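Colleague: sequence first, predicted model second:
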Amino acid sequence: MGFIRLLGPLAGEGRRHVAAPAVTVVWDERFRSYDLGAEHPFSERSRALGFELLSAAAPEGAIERVRTVPPAERDLLHRFHLEEYLAFVEHASQFENPILLDAGDTPSFAGCYEEAARLVEGADRGLLETVATGRPSFHPAGGLHHARPDRASGFCIFNDVAVAVAHAVADGRRVAYLDIDAHHGDGVMYGFYDSGKVLDIDFHQDGRTLFPGTGFPPETGRGDGAGLKVNLPLPPLAGNEALLPLFRRVVPPLLRSFRPEVIVLQHGVDGHVGDALAHLQYTPEAYLEIDRTVLDLSREVAGGRLLVTGGGGYRASAVSRVLARAGLVLAGAPIPGPREEVPETWRTSYRETIGELSPRTWEEPEETSGTRWRPEHEAKLVEELERRLGQQFPAAP
Ligand SMILES: [Zn+2]
């Protein structure tokens, strides 16, 4: 299993010694090989830089790292995916020339079966770790929430988060799945649409304006899952002013009434202002508040069992720094201020990896513009959710 304490180059001021690791971070260098091609917008490069920055900034001993992750075995993949589809990917995986695995966004590559299955194993390790230890786990390379049981979708070959959720459910656990990626987490939501064991809360850009075109308030689940699927679509240009009041009103009461045994947070960063594929305008403060809130709630309602995965994100400077700070929150470490400089070694790695100048500080002022979000939009959405879910939400704190 090879759990190796991370002992990075950790000299620096303000580093506080932490007695025991506070978070398990799943990072195998081979995750970088999930690569859909040089021209493709999705790659693990930004997430790798997030892991590198977290490693450089975390206090000594705060992180325990799982560094060797084999591809998931077939029986684990079968918890969510169908054999016919697995066989198709395995076949495509043998060839250098890409074969499209869906309607057009997700090409195969040589070795794609193994690398997609490795990301699944990473999510499952993270889940089992948090269940066993009651402390958070972080799988920054994961969060491929679009893949369906029988097909690839939206850059996602296998759905690592759905497999981890399915594993927890098969073990009899109640799971709360939160998704803050700009895109609706359709693979997970519809994968557990009938399940009374999975509460799914998904904030995303309105499906009428963004892939995959799903995730509307009337979609609240079916059968045992009725009332447990919660969709909060936001219009283009919405930012913190829309996300945070809704999050504060809706998420804590839903988690407190559902009382999950484990929480999974899909932490896509493509809702960040300036993202190349989506049109929301969240800033780093919003992610920080959500990270802290979800960590606190996991301790309050789920015994500290929290798996955080990565997700989408198409602006490397945002993805890397936001994910690194998410890891620091989970590690209980001090959070660098916005104007604090990032480590020089990381800046070099960023330049070499992305081919652009690295940001110098943890944040820079972001220009946001022209939100159309108004308090009446919040009131209307919350009223609709209350009516459809049969639950009252408190006024914004
Ligand atoms: Zn996304």
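Modeller: Yes, it's here. Bear in mind that the values here come from a model prediction, so they are computed numbers and not experimental data.

Colleague: what sits against whichever residue of the stretch 201-350 of the chain sits closest to the ion?
Modeller: At 2.5 Å from the ion, Gly312 is the closest residue in the stretch 201-350 of the chain, using C-beta to the ion. Placement of C-beta: from N, CA and C, glycine included. Going by C-beta atoms under 8 Å, 6 or more residues apart in numbering, Gly312 touches Phe42, Gly143, Phe155, Asp181, Ala182, His183, Gly268, Val269, Asp270, Leu277, Ala278.

Colleague: could you give the number of residues near the closest residue to Ala396 other than its chain neighbours?
Modeller: Taking C-beta to C-beta, 6 or more residues apart in numbering, and ignoring the residues beside it in sequence, Ala396 has Pro245 as its nearest neighbour in space, at 4.4 Å. For Pro245, the number of neighbouring residues by other C-beta atoms under 10 Å comes to 17.

Colleague: and the helices in the stretch 101-250 of the chain?
Modeller: Counting by DSSP state H, counting those that start in this stretch, the stretch 101-250 of the chain has helices at residues 112-133, 160-170, 186-191, 240-258.

Colleague: just name the most buried of those.
Modeller: Comparing those by mean neighbour count (mean count of other C-beta atoms under 10 Å), helix 160-170 comes out on top with a mean of 26.

Colleague: touching the ion at all, stretch 172-183?
Modeller: Yes: for stretch 172-183, a contact with the ion is found by C-beta under 5 Å from the ion, at Asp181, Ala182, His183.

Colleague: pLDDT wise, what is the residue nearest to Ala396 at?
Modeller: Looking at Pro245, its pLDDT stands at 97.

Colleague: quick check: residues of the protein near the ion?
Modeller: Neighbours of the ion within the chain, by C-beta under 5 Å from the ion: Asp181, Ala182, His183, Gly268, Asp270, Gly312.

Colleague: in this structure the second one contacts Asp270, no?
Modeller: When you say that, I think you mean Ala182. Yes: using C-beta atoms under 8 Å, Ala182 is in contact with Asp270, at 4.1 Å.

Colleague: mutual contacts of those two, please.
Modeller: Counting by C-beta under 8 Å, 6+ apart, the residues touching both Ala182 and Asp270 are Leu277, Ala278, Leu280, Gly312.

Colleague: and those as JSON lines, adding pLDDT and secondary structure?
Modeller: JSON lines is the format used below for the shared contacts of Ala182 and Asp270 (pLDDT from 0 to 100; DSSP: H, G, I helix; E, B strand; the rest coil):
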{"residue": "Leu277", "pLDDT": "96", "secondary structure": "coil"}
{"residue": "Ala278", "pLDDT": "97", "secondary structure": "coil"}
{"residue": "Leu280", "pLDDT": "98", "secondary structure": "coil"}
{"residue": "Gly312", "pLDDT": "96", "secondary structure": "coil"}
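
Colleague: now these in JSON lines, with distance to Ala395?
Modeller: Conversion of these to JSON lines gives the following (distance: C-beta to C-beta, whole Å):
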{"residue": "Leu277", "distance to Ala395": "34"}
{"residue": "Ala278", "distance to Ala395": "29"}
{"residue": "Leu280", "distance to Ala395": "24"}
{"residue": "Gly312", "distance to Ala395": "32"}
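
Colleague: quick one: which of those residues is nearest to Tyr85?
Modeller: Nearest to Tyr85 among the shared contacts of Ala182 and Asp270 is Gly312, at 21.7 Å by C-beta to C-beta.

Colleague: got the phi and psi for that closest one?
Modeller: Main-chain torsions, Gly312, degrees, to the nearest 10: phi -70, psi 180.

Colleague: once you drop chain neighbours, what's closest to Phe393?
Modeller: Excluding the flanking residues, the one nearest Phe393 by C-beta to C-beta, 6+ apart is Arg249, at 4.8 Å.

Colleague: do I have it right that that neighbour meets Pro394?
Modeller: Yes: between Arg249 and Pro394 there is a contact under C-beta under 8 Å: 6.2 Å.

Colleague: can you list the low-confidence ranges for the stretch 251-397 of the chain?
Modeller: By pLDDT under 70, the weakly predicted segments of the stretch 251-397 of the chain are 397.

Colleague: that one: strands as residue ranges?
Modeller: Here the stretch 251-397 of the chain has its strands, by DSSP state E, counting those that start in this stretch, at 262-266, 306-309.

Colleague: now for the first one, which elements pack on it?
Modeller: Packed against strand 262-266, as judged by 3 or more C-beta pairs under 8 Å, 6 or more residues apart in numbering; DSSP states H and E, are the following elements: helix 112-133, helix 160-170, strand 175-179, helix 284-301, strand 306-309.
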